[in-house]
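K.L.:
mind looking at a prediction? Sequence and model below.
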Amino acid sequence: MALFRRNLLFALLVSLVAGTAAAARITIDEGDRVAAGTVPEAARLHPDLGPAPADLPLERITLALLPRREAAGDLERLLEAQQDPASPDYHRWLTPEEFGKRFGASDEAIGAVLDWLQAHGFAVDEIAAGRQWIHFSGTAGQVEEAFGSPIHEFEAGGRLRHANVAPPTIPRALAAVVRGVLTLNDFPRRHARLARRSAARLPAVNFQGGDHGLGPADFAVLYNVAPLYRNGIDGTGVSIAVVGRTDIRLSDVQSFRSFFGLPANDPVFVHNGADPGNLGDNGSNDGQLEESEADLDVEWAGAVAPRATIKFVISKSTSASDAADLSAQYAVDHDVAPILSSSFGLCERDLDSGNDFYEGLWQQAAAEGITVFVPSGDSGAAGCDDATASRGTVRAVSGLCSTAFNVCVGGTQLDDTADAARWWSAAEDPSTHESLMSYVPEIVWNESAAVPGGSGLLATGGGPSAIHAKPSWQRAPGVPDDGRRDTPDVSLNAGAHDGYVVFQKYDPNDGTVYVVNGTSASTVAFAGLMALVVQSQQGAPQGNANPVFYRMASAQFTGATGRAFHDVVSGNNSVPGVSGFSAGTGYDLATGLGSVDASALVFGWTSAGSRRARVLPARRPAPAEVKPLR
C-alpha cells in the first residue's frame, strides 16, 4: 500500500472504551504527534557513521500497547486476590487469551493501530494473545517516514550497529492505545554476568590456588537441598523457561549432567522464529559471552532441579529488536512454563520506555501464574555502568528487575577464605564430585576494585527503584520506609572464588571446564529452587513468589517461626565512584532477605500461604520447534 504523506488526515474506527457497542470515529492527524520511545543511550556513546540505507530491514519491531483504560484497577485487585489465600480468586491463573480479553486493548483499538501500520507499508507479524504488543516489520525508510525517527549506523567494538537518532513519535490520536516502540536498535542488552574463567581440567573441581568449583552436589549441601531430593522433590513434572538468544551444544549439557551424576534429561529447545545459530564467545555481540551465559543458564537450571524440563526459548536479534526481549515476550505470551528465568538487564535510566513495557510483561506473567526471576546486576550500586568499568558514575538499579511482579535476585559470596579446610574436603565424591561439607556463612558479593584483590565494579546490584513505588507485599523487618520498590528480594552465591562449574565446547580429551559467577548464576539457580517449590505444591504454579517470601521472612525475623532465610549481615555493594548499601539484620538493599535453606523454604511454603495449593488443570502446551542444536 502506498505510503501516506505527513499531515494527511484520515479516519479510523477505534473503540477506546472497552465494552462499548459502537466504535467512536476519530481523526488521525499525522502532524499532531507525541513521543513514543527514546534514543538508546548506547547511540550517544559510539561514533555515528551517518544514515543507514533506506532499505535496511527492521524486523520484529515491538509496538507496545496500553491496557484498557478502566482495567488497571481491576488488574491490581486480581493480582492481590490471586495471592490472598482467603480470596476465591486465590491461584486462579489466567491464560494469555483470558488476560488479553479482560485487560488488553480492544479489537477496535488494535484494528486502528493495524490500519495505521499497514497504511505506512509495514507488515504485521504477530499480535500478542495478551494484547500487550504487536510485532511488525519494515525498512529504515518506512520507520523514518512513519515514526519520524531516522536510523543511523554506528561503530561499536569493531562491529556495525544501527539505532534511531530521534525519539519515535506517533499520532496523538493513537496515544490512548499505544504505549510506545520498545526499541529501534541492535545494541545488545547486557548479561548480568560478564566473568568467565578457565578453571581446571577434569576430573577434579577442587582447584589449585584455593579456589573451588561449585558443582550441583555442593550447591545441594550449601543450601540444604539434599533432603528434598531424598523426599522425591527434584523438579519432576515442572518446567522452567530460560530466556536465550543463542543456540548451544546439546553435548555440553549432556556432558555436564553425566560428569556430575545427574539423570539424563535433555532440555527442550523452543525456537521463536529464525534460528540465530551459536553466537559463541568470540566478541561478535559486543564482546558478550553469549554461549557461556546460555550454557550456565541451561545447565544450572537443571542442576538444581535435575528432573525438571528446561525449555530454552531462543530468538534471533534483528536490527530493531534484541532477542532477549523477543524470547521473554514469547515465553510469557505462550505460557511456556510456570517459572521463567532471564539473565539480562539494563538500568532504569537506559531502559527508559522499556520500563513500562517490562512492568506490563511481568504483570501479565504474574496473572498467568508464572514466577519470574531476574538478576539484580553485576555492577554493584552503579547499575548503569558496565561491570568491567574502572569507576561507576551513577547509583541505579536494573529496570528488568525492579518491577513489582518479578523476583529480583542478588548475590552473596562464601566467607570461606580464612579456613577453607573447615568447609571443603580435599577428597571429592567419585560419583557426584561433592566436596563441600556444610553450609558456609555468606557475605555480600563484592569483588570490585573497592575491596582488596578485586577489579572493576564486580558486585551485586541492589538499591531502591527510581520509578516504581513500593508494593504492598514488600514488608519485613529491615525494609526501608522509602516508598520505593526495593531490590533485591533474595540472593544466592554469586562469587568467583567459589563459582559455578560450566561445561562449554567440552572436549573429553582435554577436560577443561569453566567457572562462571555473577547474579545471573544466582538467578537461574533460584529458578531451579522454585521448581522444587512448585512440585511440592502438586505442580500448581505459584505466580509472583514475593508475597510468600516476605511473609516467611517476617515470621522468621520477628522470631515467630521458620528459618528459611540465611540473614546476610556483613559487607556492602559499594564500588569505586558510587556508594552503595550495607548488609544488616533482616532485609537490606544489598542481599534482600538473604539466601535460603531450600528445605525450610519448601516445607514451610504451604503454611506461609496458609492454604494448600490446589491441583490445577494442565497448562496448555506452547507451540514449539523442538530440535537438537549444533
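P.N.:
Done, it's in. Numbers count the residues shown, from 1 in each chain.

K.L.:
need the pLDDT of Val374.
P.N.:
At Val374, the model reports a pLDDT of 98.

K.L.:
what about it, which helix or strand?
P.N.:
Per DSSP states H and E: Val374 is located in strand 371-375.

K.L.:
which SS state does Asp218 fall under?
P.N.:
Here Asp218 is recorded as helix under DSSP: H, G, I helix; E, B strand; the rest coil.

K.L.:
quick one: it from Glu434, how far?
P.N.:
According to CB to CB, to the nearest Å, Asp218 and Glu434 sit 6 Å apart. No exception for glycine: its C-beta is placed from N, CA and C like everyone else's.

K.L.:
then Asp89?
P.N.:
Counting by CB to CB - Asp89 and Glu434 are separated by 44 Å.

K.L.:
the more surrounded of the two?
P.N.:
Applying other CB atoms under 10 Å to Asp89 and Glu434 shows that Glu434 carries more neighbours, namely 22 against 14.

K.L.:
how many other residues sit next to the residue nearest to the more buried one when sequence neighbours are not counted?
P.N.:
Distance criterion CB to CB, 6 or more residues apart in numbering; nearest residue to Glu434, sequence neighbours excluded, is Ala217 at 3.5 Å. For Ala217, the count of nearby residues is 23 (other CB under 10 Å).

K.L.:
biggest helix in the chain by residues?
P.N.:
helix 519-536 (DSSP state H).

K.L.:
so which elements touch it?
P.N.:
strand 239-244, helix 290-304, strand 339-341, strand 371-375, strand 407-414, strand 490-493, helix 598-603, helix 605-609 (3 or more CB pairs under 8 Å, 6 or more residues apart in numbering; DSSP states H and E).

K.L.:
same question for that helix, mean pLDDT?
P.N.:
Here the average pLDDT along helix 519-536 is 98.

K.L.:
the residue nearest to Glu348 when sequence neighbours are not counted: neighbouring residues, count only.
P.N.:
Nearest residue to Glu348, sequence neighbours excluded (CB to CB, 6+ apart): Gly399, at 4.0 Å. Residues near Gly399, counting by other CB under 10 Å, number 27.

K.L.:
just the buried residues of stretch 247-265, please?
P.N.:
In terms of neighbour count (16 or more other CB atoms under 10 Å), stretch 247-265 has its buried residues at 247-250, 252-257, 259-262, 265.

K.L.:
what's next to that stretch, contact-wise?
P.N.:
With CB atoms under 8 Å, 6 or more residues apart in numbering as the test, stretch 247-265 has contacts from 202-203, 215-217, 266-267, 269, 275-279, 291, 294-295, 298-299, 302-303, 306-310, 312, 314, 431-433, 501-506, 508, 628-630.

K.L.:
swap the cut-off to 6 Å and go again
P.N.:
With contact meaning CB atoms under 6 Å, 6 or more residues apart in numbering, stretch 247-265 is reached by 215-216, 277-278, 294-295, 298-299, 306, 431-432, 503-504, 506, 628-629.

K.L.:
am I right that Val221 sits in a strand?
P.N.:
No - secondary structure of Val221 (three-state DSSP): helix, not part of a strand.

K.L.:
next up, the contacts around it.
P.N.:
Taking CB under 6 Å, 6+ apart as the test, what Val221 contacts is Leu436.

K.L.:
7 Å instead, please
P.N.:
By CB atoms under 7 Å, 6 or more residues apart in numbering, the contact list for Val221 reads Glu434, Leu436, Ser438.

K.L.:
surely Asp567 meets Val596?
P.N.:
No - contact criterion CB atoms under 7 Å: Asp567 and Val596 do not qualify, at 10.8 Å.

K.L.:
how is the chain divided into domains?
P.N.:
Domains of the chain are assigned by automatic domain parsing as 9-66+105-187, 191-609.

K.L.:
most tightly surrounded among those domains?
P.N.:
Across those, averaging neighbours per residue (mean count of other CB atoms under 10 Å) puts domain 191-609 on top, at a mean of 22.

K.L.:
off-centre distance for that domain?
P.N.:
On the basis of CA atoms, centre = their mean, to the nearest Å, domain 191-609 sits 10 Å off its chain's mean C-alpha point.

K.L.:
host element of Ala146?
P.N.:
helix 140-147.

K.L.:
beyond that helix, next helix or strand please.
P.N.:
Heading C-terminal from helix 140-147 (DSSP H and E), you reach strand 151-156.

K.L.:
now do the helix or strand following that following strand and helix 140-147, the angle between them.
P.N.:
Going down the chain from strand 151-156, the next helix or strand is strand 159-164, by DSSP H and E. Here the directions of strand 159-164 and helix 140-147 differ by 20 degrees (axes from the mean of the first three to the mean of the last three CA atoms, to 10 degrees).

K.L.:
ok, and what's touching strand 159-164?
P.N.:
Applying CB under 7 Å, 6+ apart, the contact partners of strand 159-164 are 39-40, 42-43, 46, 52, 56, 149-154, 184-187, 286, 319.

K.L.:
picking that back up, and the buried residues of stretch 247-265, which two are furthest apart?
P.N.:
The span of the buried residues of stretch 247-265, defined through CB to CB, is set by Asp247 and Gly261 at 26.3 Å.

K.L.:
what's in contact with stretch 314-323?
P.N.:
Counting by CB under 7 Å, 6+ apart, 56-62, 162, 183-186, 188-189, 244-245, 247, 269-276, 326-327, 330 sit against stretch 314-323.

K.L.:
next, give phi and psi for the residue nearest the centre of the chain.
P.N.:
By CA atoms, centre = their mean, the mean C-alpha position of the chain lies nearest to Ser342, the distance being 2.8 Å. Here is the backbone geometry of Ser342 (degrees, to the nearest 10): phi -120, psi 130.

K.L.:
that one and Gly369: what is the separation?
P.N.:
The value you get for Ser342 to Gly369, if CB to CB is used, is 17 Å.

K.L.:
and for Pro53?
P.N.:
Taking CB to CB, one finds Pro53 at 45 Å from Gly369.

K.L.:
before we move on, what about Pro51?
P.N.:
Here Pro51 is placed at a distance of 46 Å from Gly369 (CB to CB).

K.L.:
what does Gly383 give?
P.N.:
From Gly383 over to Gly369 (counting by CB to CB), the distance is 29 Å.

K.L.:
which regions of this protein sit below the pLDDT cut-off?
P.N.:
Along the chain, the model assigns pLDDT under 70 to residues 1-26, 192-210, 282-288, 608-630.

K.L.:
could you rerun that using 80?
P.N.:
Where the chain drops to pLDDT under 80, the residues are 1-27, 72, 190-211, 281-288, 511, 560-562, 607-630.

K.L.:
thinking again about what came up before, surely the residue nearest to the centre of the chain meets Val242?
P.N.:
No - with contacts counted by CB under 7 Å, Ser342 stays clear of Val242, the gap being 8.1 Å.

K.L.:
identify the bridge partners of the residue nearest to Leu114 when sequence neighbours are not counted.
P.N.:
Nearest in space to Leu114, with sequence neighbours left out and distances taken as CB to CB, 6+ apart, is Val124 at 5.9 Å. Per DSSP bridges, the residues bridged to Val124 are Phe136.

K.L.:
heads up, I number from 27, so please use that
P.N.:
That works, and once the first residue is 27, the last one we named lands at Val150.

K.L.:
residues in contact with Val150?
P.N.:
By CB under 7 Å, 6+ apart, the contact set of Val150 is Leu140, Leu143, Gln144, Ile160, Phe162.

K.L.:
follow-up on the earlier one: and the contacts of Val247, which of them are in strands?
P.N.:
Judged by DSSP state E, strands contain none of those.

K.L.:
tell me the one of these nearest Glu473?
P.N.:
Checking those against Glu473 by CB to CB gives Leu462 as the nearest, at 19.7 Å.
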